[in-house]
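1. Sequence unavailable; structure follows:
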């Protein structure tokens, strides 16, 4: 039976995610970020979630045919093709979802009101969004968020072998569920802050703290789901071994 090795780490994945979100607090306190910059940052985090979602789909399951059950080992090339097709389908769907979500944020929270039939007004709106990337420390904080998600991918999914027990359908659906849940909260919170006071540092700090809590809850939920999948696979393997012995 495959086991999830207990890897001794200086920085556990959840702590890397907390550190990345803590860097956002510095942007609010010292970079004078407003709610639009925060929401746009969290939208760009979708790119990290989508990128590592593709990698998870491509690397789901044992890495070598010899580690597969006999029936699956015989169709290993077909399984590789299925992974590639699923990764492409996911990348296409998630890219469109992320793009439309970004347009909504730029139009509703960015202060721009581009006209559908006027390309110039759209250009002004997107130029305003690009100017956010030049905010003090914005790219650095975004890079730290990528590192946080990447660290979780390397440690939890690869080294702790969660991929051995992952389900490809769940891998394709999970990023959508996570992003929708988080961003309903993010956009809703953004509207509340805009209504009360978009420059209120206290409200922005509360907003970041709640988003960080949601991130950590999602992280531990994924770990519990991985443990349940492993336990189910272990039970099935044990039952198969008992039936074979009889």
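-> Yep, it's here. Model, not experiment: these values are computed from the prediction. Numbering: from 1, shown residues only.
2. what are the ranges of the helices in this protein?
-> In the chain, the helices defined using DSSP state H lie at 13-30, 35-58, 70-74, 76-109, 119-132, 138-152, 168-196, 201-245.
3. Could I get those in a markdown table, plus columns for mean neighbour count, mean pLDDT and distance to residue 162?
-> The way it works is simple: take the backbone N, C-alpha and C, and place the C-beta from them, glycine included. Shown next, in a markdown table, are those (neighbours: other Cβ atoms under 10 Å; pLDDT from 0 to 100; distance: least, Cβ to Cβ, whole Å):
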| stretch | mean neighbour count | mean pLDDT | distance to residue 162 |
| --- | --- | --- | --- |
| helix 13-30 | 18 | 86 | 11 |
| helix 35-58 | 21 | 88 | 9 |
| helix 70-74 | 10 | 60 | 18 |
| helix 76-109 | 15 | 84 | 16 |
| helix 119-132 | 13 | 58 | 34 |
| helix 138-152 | 18 | 90 | 10 |
| helix 168-196 | 16 | 75 | 10 |
| helix 201-245 | 14 | 77 | 4 |
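4. Please convert those helices to a markdown table, extending it with distance to residue 158.
-> Formatted as a markdown table, the entries for the helices of the chain read as follows, by distance: least, Cβ to Cβ, whole Å:
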| stretch | distance to residue 158 |
| --- | --- |
| helix 13-30 | 11 |
| helix 35-58 | 9 |
| helix 70-74 | 20 |
| helix 76-109 | 15 |
| helix 119-132 | 33 |
| helix 138-152 | 10 |
| helix 168-196 | 14 |
| helix 201-245 | 12 |
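5. Figure out which of the ones you listed is closest to residue 161.
-> helix 201-245 (8.4 Å; Cβ to Cβ).
6. Between helix 35-58 and that closest one, find me the angle.
-> In terms of direction (axes from the mean of the first three to the mean of the last three Cα atoms, to 10 degrees), helix 201-245 departs from helix 35-58 by 10 degrees.
7. Determine the angle, from 0 to 180 degrees, between helix 201-245 and helix 138-152.
-> Between the axes of helix 201-245 and helix 138-152, defined by the same axes, to 10 degrees, the angle is 20 degrees.
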